[in-house]
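K.L.:
Whatever this is, show me its structure:
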Amino acid sequence: MINEEEIFGIVERFVFQNEETGFSVLLLKTKEKLLVTVTGSFVNIHEGQEIYLKGSWAYNPKFGKQFQVTSYYSQLPNNISGLKKYLGSGLIKGIGKVYAEKIVDHFGKNTLIIIDTQPHRLAEVEGIGQKRVEQIAQSWADQKYIAEIMIFLQDKGVTATYATKIYKKYKENSIALLTEDPYRLIYDIWGIGFKTADMIAQKLGFELASVKRVKAGILFQLHEATKQGHLYQELSNLKNSVFHLLELSADMHAPQMKFALHQLHDEQKIKLITYHDEHFITTSQFYFAEKNLANKLQALLEYPTSRDFDIKKLYDMLQEHQHIQLNDQQQQGIMAAFQSKISIITGGPGTGKTTLIKALLSLLEREKLNYKLAAPTGRAAKRMMEGTGRQATTVHRLLEVDPVTMQFTYNDHNALTLDFLIIDEASMIDTFLALAIIKEMPLPAHIVFIGDIHQLPSVGPGNFLHDLIKSGKIATTMLAHIFRQAQNSMIITNAHLINQGKMPSTDLPDCKKDFYFIKEESPENIMNYITAIFKEKLPTYNISPAQTIVLSPMNKGAAGTQQLNHDLQKLLNPTQQHFLVHAGTTFKLHDRVMQIKNNYDKKVFNGDIGTIQTIDTQEKIMTILFDYTTAIYTFEELNELTLAYALTIHKSQGSEYDAVIIPVFMQHFTLLQRNLLYTAITRAKKLCFFIGQTKAIAMAVKNNKTTERLSFLVPFLTENIVCR
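P.N.:
The predicted model follows:
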C-alpha cells in the first residue's frame, strides 16, 4: 500500500486544465519556495489559492517527478501576491490582471472582505464605475454559490462545467431541489443524461427499486424513444426497456412497475391508448401535441377560405405565363393550392418544385394576396430566397420566440396576418414544429407544404409529411417528370436511380461529369482522398472549401463525423493563435460550427451553421456569425456547438453545397438505407464524391425498409380513437 503524504502551497499556475472533467496539471509553490508539479481532479481552484493536498509522489518518464493528488482542501489567499494572482485569474467577471493589481493595492489584505461585504467601495478604485461594481458583486456572489454546489456535487461525479449550469438554472435553490429530485436534471440541464442523474440519486440514498426511480426511468425511456422518431411505446416493450435501464428484475420488481405506471397516470403525466388490441404509452405532453395537431388540421380544412377563388380565371392567368413552362403536374399543384386549404407538393431533384413556387407566387401577387415563405432551417430558407427572388425566413423566426416564456409569440390566440403560407423542405418538420406552424395559421388562410418524401424523415419525432399524405385527407401533387436540363446532371440522374433501387453510375451518356465514385476498402484511408479532393479537384471546378461539406452516415468510427471534423480542421484551419478547448474539442477562429440544440435566448436553433468570428481567450467568450444573426457564447455554452466541416447526413437536411463528399463503408451498416444515400446525394449542387465500398453502397440501395415510427396522427385524422 502506498503511503500518503501531505503538502501545502500556493497555486502558481495551471499547466493543463480540462474544464469539463476537472483534471488538471498545476505548479504549486511550497512554503520552501519550491515549484512542485501536481496532477489530479480539481473543482473551483484558481491561481493564487492556498491549497492542502493529500497524495503520493510518482515519476513520469516524460514530465519527471509529480505529486498525484487523492484529496485536497483549499482556502482563500491572505497575502498580497496571492490575492493579485487569485483575482487576476479570470475568476470574477469584471476583474482582469490590471484591475486585480489596482484593487489589491488599494484595499490590501482586506480585499476579499470588501468585495464580499462592501462591494460599493470598489468605486474608490480609479477606473471602476458603477456598472463594473455591480458586475463584480454579482460574479462574486455567483462564485460563492457555485463553490458550495461544487463541494456538494464533487463526490457525486458531476463535473465543474455542469455544476455551473446547475447553479445558473436553480440559483440558491440548487442543493434543495437536487436533494428532492435529482432526476429533474435530465430535462432541465442539457447534456446531463439518466446515468448521471441516477448516480446522484443513489448517492443521495434513493433505493434501486424505489417507485420514484422507476417513474423516472419510464419517463426517460419515453423521451429517449423520440430520438428514433417514436411518440409512443408499446407497453410490454416499454416495461422491458425500463427494467433493462434500471438493471431490475422483471419478475421481482413487477409490482413497483405497475404502481409507478398507475401513479404516473393518476398524476396525468402519461396517457394510454388501446389500438387494435395493443396498449401504447406516451407522455401527456406528446399525446396532446399530436392530438391538438390533428384537431387544428381538421379545423383548418373545414373553415371557409378567405376568398372565393375563380379557379378558371386563375388557370387562364397561369397559361399566360409563357416564360415559365409548366407541365400538367406543376399546374395541378398550383391549382390545388387555391382549391384546398392545405395542400402538399412533393418531388425529387429536377422535377421543377422551385419553378412551381415562382409561378404560384406570381399568381398570388397578381391577386394581391398576402403570403409568407418559410423553411425549417436557415440554409433552406436562404435557398428558397435565392430560388424565388422573394423574402423567406426560418419557421422559428416566422413564429417569433418570446425568450421570457420560451413560447412562440404567434399561436392560436395571436395568428399571423396572411392569406397563404408556403413552407419548403417540409419533410424536415416534426410533430412539435408542425403543431406550432398550424397553431399560428389564421383559419381562413391556405398552407402549402413542399418537400421530398423520399428523403430521410425529420430528426424530431413523428413523420408529419408522410402521415399527411397517408391519411388521404390532404390534396397531394406528386412531381415525377425530370426536366431535360436536369437530366444531363449525373448527380440528379443518380439520385433518381438510387431512389428506384438501382446502383449509381459514373458512366452515364450525355451527362456532365459531376459525380465520382472512389473505391476504398479501408475507412482509415479516407482522409488521403479527401485531402486530394480539397487540394486538387475543387480548384479545377472553381469550388471553395467553404462551399464543400463531408457527409457521413454516423458520428463514430474512422469515417464518422467526430474523427473527420478533427482531421478536416487540421487540413482547412491548421494554425490559429486564438482558440478554446472544451470537452476535448478545440474551437479556433474561423472554424465552421453547428448549433446542436435550440437556444431561444440567442435565437439560434438546432442545425444552424455559423463561423467563429472572434475568440476572447481571457474571458473565454466566442462570437459566431450565423445566416440570420450573430451570437455570443460563454465557455459553459460551448457544449451546444460542434465543428461542422463534416456533418451526419441527418443533420444536412435542408442544406445544399456546391460540393459534397460522402464516405460509405460497411462499418455504417446499421444505418445504410436507400433514403440515407438519396438524401446525401441531393445535397450536392455541382459536384459529388462517393468514397468507400461498393458492397456498402449496394446494401444501402437495396435496403428500402424504414423503421415505422410509432405515432397516431393518421388514426387521429381518420378514426375516433379513445385515450385514457
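K.L.:
C-alpha only now, for contacts and for neighbours.
P.N.:
Noted.
K.L.:
how deep is the closest residue to residue 60 other than its chain neighbours tucked in, by neighbour count?
P.N.:
Here the nearest residue to residue 60 in space, its sequence neighbours aside, is residue 66; by C-alpha to C-alpha, 6 or more residues apart in numbering that works out to 7.1 Å. For residue 66, the tally of surrounding residues (other C-alpha atoms under 10 Å) stands at 18.
K.L.:
again with residue 236
P.N.:
Neighbourhood size, residue 236 [other C-alpha under 10 Å]: 12.
K.L.:
Spell out which helix or strand contains it, please.
P.N.:
helix 235-246 (DSSP states H and E).
K.L.:
and the residue positioned nearest the centre of the chain, backbone torsions?
P.N.:
Closest residue to the average C-alpha location of the chain: residue 596 at 2.0 Å, with C-alpha atoms, centre = their mean. As for residue 596, its main-chain torsions (degrees, to the nearest 10) stand at phi -120, psi 10.
K.L.:
sorry, back to before: buried ones in the helix or strand following the helix holding residue 236, by neighbour count?
P.N.:
Going down the chain from helix 235-246, the next helix or strand is helix 254-266, by DSSP H and E. By neighbour count with 16 or more other C-alpha atoms under 10 Å, helix 254-266 contains the buried residues 256, 257, 260, 261, 263, 264, 265.
K.L.:
Wait, residue 330 touches residue 479, no?
P.N.:
Yes. The pair residue 330 / residue 479 is scored as a contact, 7.0 Å apart, by C-alpha atoms under 8 Å.
K.L.:
Now the common contact residues for those two.
P.N.:
Common neighbours of residue 330 and residue 479, using C-alpha atoms under 8 Å, 6 or more residues apart in numbering, are 352, 353.
K.L.:
out of the two, which sits in the more crowded spot?
P.N.:
Neighbours of residue 330 and residue 479, each counted by other C-alpha under 10 Å, are more numerous for residue 330; the result is 25 against 22.
K.L.:
pretty sure that one belongs to a helix, no?
P.N.:
Yes. With DSSP: H, G, I helix; E, B strand; the rest coil as the criterion, residue 330 is located in a helix.
K.L.:
would you list the buried residues of helix 254-266 in CSV and tack on pLDDT and distance to residue 685?
P.N.:
As requested, those are arranged in CSV below (pLDDT from 0 to 100; distance: C-alpha to C-alpha, whole Å):
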residue, pLDDT, distance to residue 685
256, 95, 56
257, 96, 53
260, 96, 53
261, 96, 51
263, 96, 54
264, 96, 50
265, 95, 51
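K.L.:
Greatest separation within those: which pair is it?
P.N.:
Spatial extent of the buried residues of helix 254-266 (C-alpha to C-alpha) is set by the pair 256 and 265 at 14.1 Å.
K.L.:
and stretch 550-561, C-alpha only, in CSV?
P.N.:
The C-alpha coordinates for stretch 550-561 follow below in CSV (Å, rounded to 0.1, in the frame of the first residue of the first chain):
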residue,chain,number,x,y,z
VAL,A,550,-18.3,16.0,-45.9
LEU,A,551,-21.4,13.9,-45.0
SER,A,552,-21.2,10.7,-43.1
PRO,A,553,-23.9,8.3,-42.0
MET,A,554,-22.8,8.4,-38.4
ASN,A,555,-20.7,10.2,-35.7
LYS,A,556,-18.3,7.5,-34.6
GLY,A,557,-15.6,5.5,-36.3
ALA,A,558,-12.7,6.3,-38.6
ALA,A,559,-15.2,7.7,-41.2
GLY,A,560,-17.5,9.3,-38.7
THR,A,561,-18.1,13.0,-38.2
